[in-house]
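1. let me see the structure of the following:
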Amino acid sequence: MIGTPMTSPLRGRIAIPAAILAALLCGCDSKPAENTKAPAAAATPIPTEFAAVEVDLSNVKWETNLDDPPVGSEKAIRGGTFTVATSAYPLTFRLHGPDSNDLFANFNRPYATDFTLTMLHPTTDRFIPCLATHWSVSADGKTLLFKLDPDVRWSDGKPVTADDYLFAYEFLKNPLNLDPFSNQRMEDYFEGVDKIDDHTIRIRGKVESWRPLYDYSGFSPLPRHAIVLDAEWSKRDNYKPPVVVGPYTITDAVQGERVEFTRIAKWWGDGKHYFRGMYNPDKIVVRVIVEDDREFDFMKKGQLSFYNVSSARQWATEMNFDAMEKGWVKRKRVFLESPEGVSGFALNLKTPLFQSKDFRKGLQHLFNFEELNKNVMYSAYYRKASVFYGTEFQNPDQQPYAYDPRMAREFLAKAGFDKRGSDGVLVNTKGVRASFTLLYATKSFEPHLSLIQNAYKAAGVEVKLQFLDGGALFNRALEKGFDALMISMTGGYYPEPHQYFSTEFKDKPQNNNFWGFGTAETDKLIDVYRFGKVAEERVKAMHELDRIIHDEAFIILFWTSSYMRFLYRYDVDFPETYQPKRAQTALEYQTFWIDPAKTKELEDAMKAGASLPLDPKVDEDPYGVKAALEKAGAGT
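-> Predicted coordinates for the structure are as follows:
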């Protein structure tokens, strides 16, 4: 684990930029390369003011939802400083363009692009207001009207109006933003965005959507008064703190050491129903700590407010340190119900060795999860068999590849690797060795990798391990410049197969189709899911897509759990449920707060070397997930 991202407070919409790669397991942070060049065409200036269109609103039936509970706690206290760690200093503060899709984006975007028109409530799964107070959707799901909240202000105090949404639309579809994913998404999904008046907009989609608010309301404004899009934009704005609609702005940064966010004194969202009890610290400090073990050391010394425990070994064997036994640090394992993204070893289909499906299947059958789980992970996990795990689109008939050395040998032989060279590594008739390099970015994962490497070696496959920092690794991922690498992706309420498996991106750099996969057949299945009107047909198409991806064997899937494990300082508090049901990371929904009375207690105790009251309860099961697992006999 190289740092815990704090992603959107109220997730569930489709993000316009490419999905963020979260370092939940493997520590890969998603930094695009800086070698993206501006288009040759001259820049076309984007207007900062737009003409209104005439639309009759007299018969519009407006909807809203203020009936669901706030995400945060009424007990939350405002104030204090919350300190977390990341593994690398950001290459940019921009929210779009080159290098903007890194791990730091998980700290940066929640205060900017993640504030959308409406959002899914993370516990009830119902749409709720965010930057829009009301909405209306046409019968075909292609046209949506939104009433903008007139209270919304940019961090520099200027009001957010319809013009900012039209500017955002023009920005996101312009190639000068150096974000091909947003360019393509605007082209594929959006017919246009119209200003009706200063606080009413219309979004016109290109396709009839079966989830129109999810598809079209995940749209964030951009400050037209603070951005000039031209050929020099990305360099000029590289370390310029962005103007945002959220509660925090970047106010201090020291290269290679830290970035600090400060809360806006009178933020427009204070007092809004769904933001009550959220965004509580006055300051959030993101410290750069490269090595995994050093981050844990900082936590043990009380120099971090929070630490995510990604290692089962660490959780099982290293929780008896002094600060824990004195009560200065607490630990929790919180059971939640949340969809998951893809995690595992990605095999690059451009690599000659991996162009053989038989070779890939041979690798699948050499992956000994049972031994890993027992000997390294304290039997704490369950193997995944689907890239759509945790959703209705997961193929229910799919089983993980079994560890079977005999079957692996058969597949490797079919791929032409049936003889060993003098060094014990398999070779084919052309003298090509069964050898590849696996990139990883998490030191704490090395015991796992050593076991995996030895299992493959015994079968005649050489896996050369190469450690890279998260930014360098994800550069290689986006450029498809690797043999194999370890990844872990977040997953939304609805999967996004288009960006991961479409032929549209298989041969292009700077996107999330890392493996370079896509066929005409799978494109058709993806389009049924994206545009189909019949729910059963969408599910059927995704089950078939899942089957094909599984059969193609270019992802060696990892494992899952139904909980998150973390440590936090004595003076940090959480709501009674700790996290909303759909949370995927412990800081995703920023409902934590600092209790000043406890801060004083903690500081006094640390000075005196005294103990504080211990919290004997480690497991929290606010939604009955653990109870259901135990009833089913799964065991945890």
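2. restricting to C-alpha, output the helix or strand hosting residue 146 in PDB.
-> Using DSSP states H and E, residue 146 maps to strand 143-148. What follows is strand 143-148, C-alpha atoms only, in PDB (Å, rounded to 0.1, in the frame of the first residue of the first chain):
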ATOM      1  CA  THR A 143     -32.500  14.700 -22.700                       C
ATOM      2  CA  LEU A 144     -32.000  15.900 -19.100                       C
ATOM      3  CA  LEU A 145     -32.800  19.200 -17.500                       C
ATOM      4  CA  PHE A 146     -31.100  20.400 -14.400                       C
ATOM      5  CA  LYS A 147     -31.800  23.300 -12.000                       C
ATOM      6  CA  LEU A 148     -28.400  24.400 -10.700                       C
END
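3. what's the model's confidence in that strand, averaged?
-> Average pLDDT, strand 143-148: 98.
4. what pairs with it, parallel or antiparallel?
-> Strand pairing for strand 143-148, using DSSP bridges, gives strand 132-137 (antiparallel), strand 200-205 (antiparallel).
5. let's have those in JSON lines, adding mean neighbour count and mean pLDDT.
-> Just so you know, the C-beta spots here come from the backbone N, C-alpha and C atoms, and that holds for glycine as well. Converted to JSON lines, those look like this (neighbours: other Cβ atoms under 10 Å; pLDDT from 0 to 100):
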{"stretch": "strand 132-137", "mean neighbour count": "20", "mean pLDDT": "98"}
{"stretch": "strand 200-205", "mean neighbour count": "21", "mean pLDDT": "97"}
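6. quick revisit: and the contacts of the strand holding residue 146?
-> Applying Cβ atoms under 8 Å, 6 or more residues apart in numbering, the external contacts of strand 143-148 come out as 55, 57, 60, 62, 117-118, 131-138, 160-162, 165, 196, 198-205, 212-213, 216-217.
7. now do the buried residues in the helix or strand following that strand.
-> Going down the chain from strand 143-148, the next helix or strand is helix 162-173, by DSSP H and E. Across helix 162-173, burial judged by 16 or more other Cβ atoms under 10 Å covers 162-173.
8. what packs against helix 162-173?
-> Contacts defined by 3 or more Cβ pairs under 8 Å, 6 or more residues apart in numbering; DSSP states H and E place helix 162-173 against helix 180-189, strand 190-197, strand 200-205.
9. so for residue 478, which of the ones you listed sits nearest?
-> Proximity to residue 478 (Cβ to Cβ) singles out helix 180-189 among the helices and strands packed on helix 162-173, at 10.5 Å.
10. put the alpha carbons of that closest one into CSV.
-> C-alpha atoms of helix 180-189 as CSV (Å, rounded to 0.1, in the frame of the first residue of the first chain):
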residue,chain,number,x,y,z
PRO,A,180,-8.2,11.3,-25.5
PHE,A,181,-10.6,9.4,-23.2
SER,A,182,-12.7,12.5,-22.4
ASN,A,183,-12.5,13.6,-26.0
GLN,A,184,-13.9,10.2,-27.1
ARG,A,185,-16.5,10.1,-24.3
MET,A,186,-17.9,13.5,-25.4
GLU,A,187,-18.0,12.3,-28.9
ASP,A,188,-19.7,9.0,-28.1
TYR,A,189,-22.2,10.1,-25.5
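11. got the contact list for residue 544?
-> 395, 525.
12. where does it fall, secondary structure wise?
-> Element membership for residue 544 (DSSP H and E) is helix 535-552.
13. rounded mean pLDDT for that helix, please.
-> So the average pLDDT for helix 535-552 ends up being 97.
14. buried stuff in that helix?
-> Judged by neighbour count (16+ other Cβ under 10 Å), helix 535-552 contains these buried residues: 538-546, 548-550, 552.
15. could you export the residues you listed as a markdown table, including distance to residue 45?
-> Output for the buried residues of helix 535-552, formatted as a markdown table (distance: Cβ to Cβ, whole Å):
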| residue | distance to residue 45 |
| --- | --- |
| 538 | 41 |
| 539 | 45 |
| 540 | 47 |
| 541 | 42 |
| 542 | 42 |
| 543 | 47 |
| 544 | 46 |
| 545 | 42 |
| 546 | 45 |
| 548 | 45 |
| 549 | 43 |
| 550 | 48 |
| 552 | 45 |
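16. out of those, who's nearest residue 363?
-> residue 552 (12.4 Å).
17. off-centre distance for stretch 483-501?
-> Chain-centre distance of stretch 483-501: 9 Å, with Cα atoms, centre = their mean, to the nearest Å.
18. stretch 378-391 too?
-> Distance, centroid of stretch 378-391 to centroid of chain: 17 Å (Cα atoms, centre = their mean).
19. state the mean pLDDT of that stretch.
-> Rounded mean pLDDT across stretch 378-391 is 89.
20. C-terminal to the helix holding residue 544, what's the next element?
-> Next in line after helix 535-552, if elements are assigned by DSSP H and E, sits strand 555-557.
21. residues contacting that following strand, please?
-> With contacts defined as Cβ under 8 Å, 6+ apart, strand 555-557 is touched by 342-347, 363-364, 367, 383-387, 400-401, 515, 549.
22. that one: what's the following helix or strand?
-> Following strand 555-557 in sequence, per DSSP H and E, is strand 559-560.
23. buried set for stretch 406-424?
-> 407-412, 415-417.
24. brain fart, stretch 586-606
-> By 16+ other Cβ under 10 Å, the buried positions in stretch 586-606 come out as 586-595, 598-599, 601-602, 605-606.
25. per the record, what domains does the chain have?
-> With domains defined by automatic domain parsing, the chain comprises 1-250, 291-337+565-631, 343-560.
26. can I get the ones you listed in JSON lines with distance to residue 261?
-> Compiled in JSON lines, the domains of the chain are given as follows (distance: least, Cβ to Cβ, whole Å):
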{"stretch": "domain 1-250", "distance to residue 261": "4"}
{"stretch": "domain 291-337+565-631", "distance to residue 261": "11"}
{"stretch": "domain 343-560", "distance to residue 261": "20"}
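27. by mean pLDDT, show me the worst of the ones you listed.
-> Of all the domains of the chain, domain 1-250 carries the lowest average pLDDT, namely a mean of 83.
28. mind checking how far that domain is from the chain centre?
-> Using Cα atoms, centre = their mean, the offset of domain 1-250 from its chain centre is 15 Å.
29. next one: stretch 426-437
-> 36 Å.
30. just the CA atoms of it, as PDB, please.
-> Listed in PDB are the C-alpha atoms of stretch 426-437, where the atom choice follows Å, rounded to 0.1, in the frame of the first residue of the first chain:
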ATOM      1  CA  LEU A 426      11.400 -23.800 -21.100                       C
ATOM      2  CA  VAL A 427      12.300 -22.900 -24.700                       C
ATOM      3  CA  ASN A 428      10.400 -23.400 -28.000                       C
ATOM      4  CA  THR A 429      11.800 -24.600 -31.300                       C
ATOM      5  CA  LYS A 430      13.000 -21.100 -32.200                       C
ATOM      6  CA  GLY A 431      15.000 -20.800 -29.000                       C
ATOM      7  CA  VAL A 432      12.600 -18.400 -27.300                       C
ATOM      8  CA  ARG A 433      12.700 -18.700 -23.500                       C
ATOM      9  CA  ALA A 434       9.600 -18.800 -21.400                       C
ATOM     10  CA  SER A 435      10.700 -15.700 -19.600                       C
ATOM     11  CA  PHE A 436       9.100 -12.300 -18.900                       C
ATOM     12  CA  THR A 437       9.400  -9.300 -16.600                       C
END
